[in-house]
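Peer 1: The amino acid sequence is not available; the structure is as follows:
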Ligand code: SF4
């Protein structure tokens with residue numbers, strides 16, 4: 001049996017790390033730490049604008065999509081790595097937890113700076129996503145992450161995208177400093193509820209995590225207010241904050257997850273929540289499920305998330321107390337439509353935006369097109385077809401110039417809402 005490695009970083013703070021750092025090449029570390037970072041899903045770079053300048057390198061365009069770096073040499077647009085996969089915490093679901101028997105590595109801030117610049121100049125990446133296990137303390141870890149971003153920006157005039165993981169519970173002054181250099185900050189909520197954290201991440205507390213989220217929101221709001229009064233006022237995390245939630249590691253229902261997500265969006269103005277289905281690993285703790293969370297559950301949660309953010313649904317109406325799980329067989333908009341036949345049919349030539357958004361098979365971009373087109377002619381089913389709407393799917397839900405639905409029998413209603421994500425990625429957040 002393999003010996004279990006335990007790193008007592010508080011008692012042997014730098015010695016063991018420095019020794020291991022000296023033994024591993026940067027390439028070795030990159031293989032370990034890029035691989036370790038793949039478990040963090042919160043890395044889209046949408047929404048940042050940062051112009052390059054004549055002194056430095058790089059720029060970030062708005063709504064760019066960053067991809068993850070893989071250590072096999074594929075060209076990617078985001079260097080996504082951990083500063084270290086050492087961690088003093090013991091979150092049961094996490095491969096980097098202190099009791100995990102894995103290869104460990106740690107970059108120095110200078111090494112991350114060097115890699116980022118090198119990859120950027122080779123046109124492999126658009127920016128950096130940097131996270132870390134917790135070494136010594138939240139403050140110490142955050143200082144190391146900030147040093148990378150600060151050096152890139154202030155020494156090398158790096159204009160590319162930077163997403164920094166923010167360590168929950170770090171000093172508020174470090175949050176301020178991180179937001180000064182990074183485009184986006186994210187604090188992982190980790191699990192949907194405090195009771196989930198008690199079970200599987202004993203060192204983490206929802207109140208501490210949300211405290212840091214609240215600081216980010218307050219500082220961003222303050223920076224935006226200052227920016228309105230003075231255009232040259234310093235920006236704070238212009239691409240906002242996001243978070244990641246592991247789902248399926250506990251019994252928490254989709255309804256609880258969606259309600260939690262709604263509270264987080266409202267309370268902290270999050271740009272995105274990333275849902276990561278739990279995957280079991282060898283010799284995992286007995287408290288964890290043996291089966292992986294179905295990818296479709298993750299996908300349905302993203303669809304529910306989109307319904308809240310873009311389709312005007314409230315968290316409460318997406319599921320019910322009596323049916324708290326999302327269906328794996330059909331999207332949540334179709335489920336809602338089947339439960340509310342009194343809401344249909346919706347007249348595509350007269351209904352308000354809010355009603356059109358509730359038609360399964362019509363995505364929000366097409367809703368905007370319909371609203372535009374119908375101002376100069378009455379729309380038919382053929383017009384919908386030209387918008388790539390699946391007319392067979394929507395026929396039971398809409399009235400058009402040449403179409404009146406026959407009352408659909410239960411079961412004859414469309415079962416899949418294709419357009420909501422047809423030309424989009426729930427993961428990237430792009431429609
Ligand atoms: S603090 Fe983060 S890196 Fe450390 S064990 Fe928990 S989830 Fe993993």
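Peer 2: Arrived safely, thanks for sending. This one's a predicted model, so the numbers in the text were calculated from it and none came from an experiment.

Peer 1: so what pLDDT did the residue nearest in space to the middle of the chain get?
Peer 2: Centroid-nearest residue in the chain: residue 274, 3.0 Å away (criterion: Cα atoms, centre = their mean). Residue 274 is assigned a pLDDT of 93 by the prediction.

Peer 1: next structured bit after the helix or strand it falls within?
Peer 2: Using DSSP states H and E, residue 274 maps to strand 272-277. As assigned by DSSP H and E, the chain's next helix or strand after strand 272-277 is helix 295-310.

Peer 1: What residues sit buried inside that following helix?
Peer 2: For helix 295-310, the neighbour count (16 or more other Cβ atoms under 10 Å) marks 297-309 as buried. No exception for glycine: its C-beta is placed from N, CA and C like everyone else's.

Peer 1: Please name every helix or strand in contact with that helix.
Peer 2: strand 241-247, helix 254-268, strand 272-277, helix 315-318, helix 332-339, helix 419-422 (3 or more Cβ pairs under 8 Å, 6 or more residues apart in numbering; DSSP states H and E).

Peer 1: mean pLDDT for the ones you listed: which is lowest?
Peer 2: Among the helices and strands packed on helix 295-310, helix 419-422 scores lowest, at a mean of 42.

Peer 1: Could you list the low-confidence segments of the chain?
Peer 2: 1-22, 41-76, 407-431 (pLDDT under 70).

Peer 1: ok, now with 80
Peer 2: 1-23, 38-76, 281-284, 407-431 (pLDDT under 80).

Peer 1: Now the residue lying closest to residue 133 once chain neighbours are set aside: which helix or strand?
Peer 2: Nearest residue to residue 133 in three dimensions, chain neighbours excluded: residue 87, at 3.0 Å (Cβ to Cβ, 6 or more residues apart in numbering). For residue 87, there is no enclosing helix or strand under DSSP H and E.

Peer 1: what about the strands in this structure?
Peer 2: Ranges of strands within the chain are 78-82, 127-131, 161-165, 184-186, 241-247, 272-277, 346-347, 398-399, based on DSSP state E.

Peer 1: Name the residues of the longest one that are buried.
Peer 2: With burial defined by 16+ other Cβ under 10 Å, the residues of strand 241-247 counted as buried are 241, 242, 243, 244, 245, 246, 247.

Peer 1: any idea which of those residues is closest to the ligand?
Peer 2: The closest of these to the ligand turns out to be residue 246 (Cβ to the nearest ligand atom; 8.5 Å).

Peer 1: Enumerate the beta-bridge partners assigned to that closest one.
Peer 2: Taking DSSP bridges as the rule, residue 246 bridges to residue 276.

Peer 1: Settle this for me: it is touching residue 191, isn't it.
Peer 2: Yes. Residue 246 is in contact with residue 191 according to Cβ atoms under 8 Å; the separation is 5.9 Å.

Peer 1: okay, and the common contacts of those two?
Peer 2: Residues touching both residue 246 and residue 191 comprise residue 93, with contact defined as Cβ atoms under 8 Å, 6 or more residues apart in numbering.

Peer 1: For the nearest residue to residue 235 once chain neighbours are set aside, grab the count of nearby residues.
Peer 2: Leaving aside its sequence neighbours, residue 235 sits nearest to residue 223 (Cβ to Cβ, 6+ apart; 5.9 Å). By the criterion of other Cβ atoms under 10 Å, residue 223 has 18 neighbours.

Peer 1: doesn't residue 103 make contact with residue 96?
Peer 2: No. Contact criterion Cβ under 8 Å: residue 96 and residue 103 do not qualify, at 10.9 Å.

Peer 1: ok now do residue 267, which residues does it touch?
Peer 2: Counted by Cβ under 8 Å, 6+ apart, residue 267 has contacts 210, 213, 214, 217.

Peer 1: separation between residue 302 and residue 272?
Peer 2: 10 Å (Cβ to Cβ, to the nearest Å).

Peer 1: need the residues of the stretch 1-150 of the chain near the ligand, please.
Peer 2: 87, 89, 91, 94, 96, 97, 133, 134 (Cβ under 6 Å from any ligand atom).

Peer 1: Let me see the contact set for the second one.
Peer 2: Contact analysis of residue 89 by Cβ under 8 Å, 6+ apart lists 97, 98, 133, 134, 201, 203, 204.

Peer 1: One more: the last one?
Peer 2: Residues in contact with residue 134, defined by Cβ under 8 Å, 6+ apart, are 87, 88, 89, 141, 167.

Peer 1: Kindly report the same for the first one.
Peer 2: For residue 87, the set of contacting residues under the criterion of Cβ under 8 Å, 6+ apart consists of 94, 96, 97, 98, 133, 134, 135.

Peer 1: rewinding a little: now list the buried members of the contacts of residue 267.
Peer 2: Counted by 16+ other Cβ under 10 Å, those give 210, 213, 217 as buried.

Peer 1: So residue 244 versus residue 350, what's the distance?
Peer 2: 42 Å.

Peer 1: Mind listing the residues bridging to residue 164?
Peer 2: The partner residues for residue 164, given DSSP bridges, come to residue 130, residue 185.

Peer 1: Residue 367 versus that one, what's the distance?
Peer 2: For residue 164, the distance to residue 367 - Cβ to Cβ - is 36 Å.

Peer 1: next one: residue 338
Peer 2: From residue 338 to residue 367 the distance is 20 Å (Cβ to Cβ).

Peer 1: Give the residue from these two that has the larger number of neighbours.
Peer 2: Per other Cβ under 10 Å, whichever of residue 338 and residue 367 has more neighbours is residue 367, with 22 against 18.

Peer 1: got a list of what the more buried one touches?
Peer 2: 353, 356, 357.

Peer 1: Adding distance to residue 317 as columns, could you present the contacts of residue 134 in TSV?
Peer 2: Output for these, formatted as TSV (distance: Cβ to Cβ, whole Å):
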residue	distance to residue 317
87	39
88	42
89	37
141	40
167	36
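
Peer 1: For residue 83, what are phi and psi?
Peer 2: The phi/psi pair for residue 83 (degrees, to the nearest 10) reads phi -70, psi -40.
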